Every structure is written in C-alpha cells, then in structure tokens.
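Peer 1: fold the following for me, if possible:
(one chain, ligands or ions: 1)
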Amino acid sequence: MKNFISVDQIEDLDGLISAAKEIKAAPFANKALGTNKTIGLLFFNPSLRTRLSTQKAAMNLGMNCMVLNLNTEGWTLEFEDGAIMDGNKSEHIKEAANVISQYCDVIAIRNFPSLINKKEDSEEYVLNQFIKYATKPIISLEGSSEHPLQAIADMLTISEYQTKARPKVVLTWAPHPKALPHAVPNSFAKMMLKADVDFVITHPEGYELDPAVTKDAKITYNQDEAFKDADFIYAKNWSSFADYGKILSRDENWTVTAEKMALTNDGKFMHCLPVRRNQIVTDEVLDGPQSIVIDQANNRTYAAQAIITQILKDAE
Ligand code: SN0
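Peer 2: Predicted coordinates for the structure are as follows:
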C-alpha cells in the first residue's frame, strides 16, 4: 500500500482488523519500524481525535510527528495546473507537495469538501493533487468524500462488541444545524458492504448517499423499521447528495432517543464524534450503557497505527 485515501483500497479486511487488534494488545511492539522517520499531519480543517490519535499512533511506532494547520498557518495553496497566480493564493501545490516530501516520510492530510463542487469533491481532487506532486505516501485524515481511518476504527469497534456472527448494523441520518460532508457515511457504508454484517441505511427522502457508494445496500425511509432488532446504531448527519450540500430537513423526529433504542436488540450506539447532543442523539442515550462512542474513539489510534505500519513496511 503506497497511499491510503479510500476504504476501496483495503484488500484484506480481516487481516487489517487482526493487525489492529494485535497493535492494540502491544502498541509499542514495532517501535523500530518508525525510528528516525517523520510523519507530517496537514490540516485544512479542525480536528481533535484524528490529530491526537494519528500523532499517538506515530509516536507508538517511534516516529517523529510534525503538524501544520494549513488553513490558519500555511500559505493559501493553488491547485490548478497552469493557474495565473495573481489572486490571493500564494503557493502552488507543486512546490508545496515536493518540499513537504523532503521533510516527511509519510504525509497525512485532512481536507473537507467544498460541498459546492460535487465533481471535485467526489473525485477527491485535493488529496489526488497531493498524491500527484508528493514523492511520499499520502494518508487521508478525512478527505472530501471519505474518512477511511474512521471506518477502520468503526469496524474494529463492531468486531469487539459483536455477539453474533452476522450482526445487524444500521446507519441512520440524524438532524444537525450545519451542512455536513458525506465522507463519514460513505466510508462507513463501504466498510459495512465489505464486512459480514446485515447492513441497513435509513434517512429521510432526498438524503440518498452517492449510489456509487451504497450500491445495492438496503435503504429505508422508515427509521423505526430499520432500528428493529438492530445490534448497532451508527448515527451521522450528512447534507443532501442529490441537491448537493443542501440541508433539506432538520426533523427532530430523526434524533436517536431511548425510545428508538428500545426497538433494537439492546443495540450499541455509535458516532464518529464530535456529536451534537440532543440533535443527533439525546443525552440519555449518549450517557447511557448502550453508547460505545468513547471506545470507538479510542480505536482511532489502532486504526491509524495499522495503516501507518503497513505503509512503512511497504516502503522498506
Ligand atoms: C465532520 C464531518 O465530516 O461531519 C467531521 C467528523 C469526523 N463533522 C463536523 O464538521 C461537525 C461540525 C459541527 O459543528 O458539529
């Protein structure tokens, strides 16, 4: 594996989850692998878990870690080939990616979608420009259409909590005051379609995810029906994909409540965080015994470490 920006790039899911479990059991076992190597974390957007868990994963591997908040501290980058740079963009991706490649052995980048240009967002334009011009491996820390490290942590968490061979896993839309990306639900859906689970997606009409992602997944507009007998409820808001980036509903009937969780098979509640309390989910559910969001966030470290390990090994 050279770069990692999509769940599609995972060839051996069982092997990856086993590797993440081994890393969790002995996080410092591979310190020699990263010694004298440097990872650069570049952020175009805010982060809490991704930044700290990826840095921790790198440190567990003996790596040095440098962080640059490009949105607030870096030069504004131009990505277009042939651009006449007479506006407010100071530096071209060609120089930036090449220069960063000299300082880092691995480069990890967060770049949220514009939610305006559907084609560029879906094509993962910015991360692919980095892949084009960098000479070192690129890892997505949430791109414009996927959050693959999150999906690995999600899969690891489900595999730790599942009590039957083929659990029922529900991805439910829930209301939110802002227009949010599709990256988390896209990667989660791709992951669940690879995994041995009974996967159902539920959302209001108009909130269909990219059909290229959901393929033949079961989709229902009836949230109660979806929740019935579910073993895992994964809540997330996203904006409309068809009416790209728009908020079509803030219907609080879609908020995950204790009454809804009672329809499940004592299901576990999951969310990638940060979560809006009493919008996405009530306090009662989030603070209650069914919520596994804190364990889920802990697994971000081992997901990141599994991927960085693989990339370092493949680079040797
Ligand atoms: C991001 C998203 O993709 O939905 C990152 C999730 C890991 N979430 C947000 O931007 C939430 C921001 C907010 O104000 O609630």
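Peer 1: how about the residue sitting furthest away from the middle of the chain, what does it touch?
Peer 2: Most distant residue from the mean C-alpha position of the chain: Asp86, 35.1 Å away (C-alpha atoms, centre = their mean). Applying C-beta atoms under 8 Å, 6 or more residues apart in numbering to Asp86 gives no contacts. For glycine as for every other residue, the C-beta is placed from the backbone atoms N, C-alpha and C.
Peer 1: next one: it from Thr76, what distance?
Peer 2: 13 Å (C-beta to C-beta, to the nearest Å).
Peer 1: now do the shared contacts for these two.
Peer 2: Both Asp86 and Thr76 lack any common contact, where contact means C-beta under 8 Å, 6+ apart.
Peer 1: need the contact partners of the helix or strand hosting Val213.
Peer 2: Secondary structure from DSSP states H and E places Val213 in helix 211-214. Contact with helix 211-214 is made by His182, Asn186, Ala189, Lys190, Ile201, Glu208, as judged by C-beta under 8 Å, 6+ apart.
Peer 1: quick check, nearest of those to the ligand?
Peer 2: Nearest to the ligand among the contacts of helix 211-214 is His182, at 8.0 Å by C-beta to the nearest ligand atom.
Peer 1: could you check the pLDDT of the closest one?
Peer 2: Per-residue confidence (pLDDT) for His182: 98.
Peer 1: and it, what does it touch?
Peer 2: Pro113, Ser145, Leu209, Asp210, Val213, Trp238, Ser239, Phe241.
Peer 1: and the fourth one, how far is that from the ligand?
Peer 2: Using C-beta to the nearest ligand atom, to the nearest Å, one obtains 15 Å as the distance from Asp210 to the ligand.
Peer 1: does the residue nearest to that residue when sequence neighbours are not counted belong to a helix, a strand or coil?
Peer 2: In this structure, Asp210 finds its nearest non-sequential neighbour in Phe241, 5.5 Å apart by C-beta to C-beta, 6 or more residues apart in numbering. Local secondary structure at Phe241 is given as coil here, using DSSP: H, G, I helix; E, B strand; the rest coil.
Peer 1: what is the burial count for Phe241?
Peer 2: Applying other C-beta atoms under 10 Å, we find 22 residues neighbouring Phe241.
Peer 1: in this structure it contacts Glu208, no?
Peer 2: Yes. Phe241 lies in contact with Glu208 (C-beta atoms under 8 Å); the separation is 6.3 Å.
Peer 1: up against the ligand, what does the stretch 51-200 of the chain have?
Peer 2: Contact residues, the stretch 51-200 of the chain versus the ligand (C-beta under 6 Å from any ligand atom): Glu142, Lys178, Leu180, Pro181, Ala183, Val184.
Peer 1: state the distance from Lys178 to Pro204.
Peer 2: To Pro204, Lys178 is 17 Å away according to C-beta to C-beta.
Peer 1: those two: who's more crowded?
Peer 2: Between Lys178 and Pro204, Pro204 has the larger neighbour count (other C-beta under 10 Å), namely 16 against 8.
Peer 1: helix, strand or coil for the closest residue to the more buried one other than its chain neighbours?
Peer 2: Leaving aside its sequence neighbours, Pro204 sits nearest to Ser249 (C-beta to C-beta, 6+ apart; 5.0 Å). Following three-state DSSP, the label given to Ser249 is coil.
Peer 1: show the contacting residues for the residue nearest to Leu141 when sequence neighbours are not counted.
Peer 2: Nearest non-adjacent residue to Leu141, counting by C-beta to C-beta, 6+ apart: Arg110, 4.0 Å away. Neighbour list for Arg110: Leu41, Leu42, Phe43, Phe44, Asn45, Ser47, Thr50, Ser140, Leu141, Glu142, Gly143 [criterion: C-beta under 8 Å, 6+ apart].
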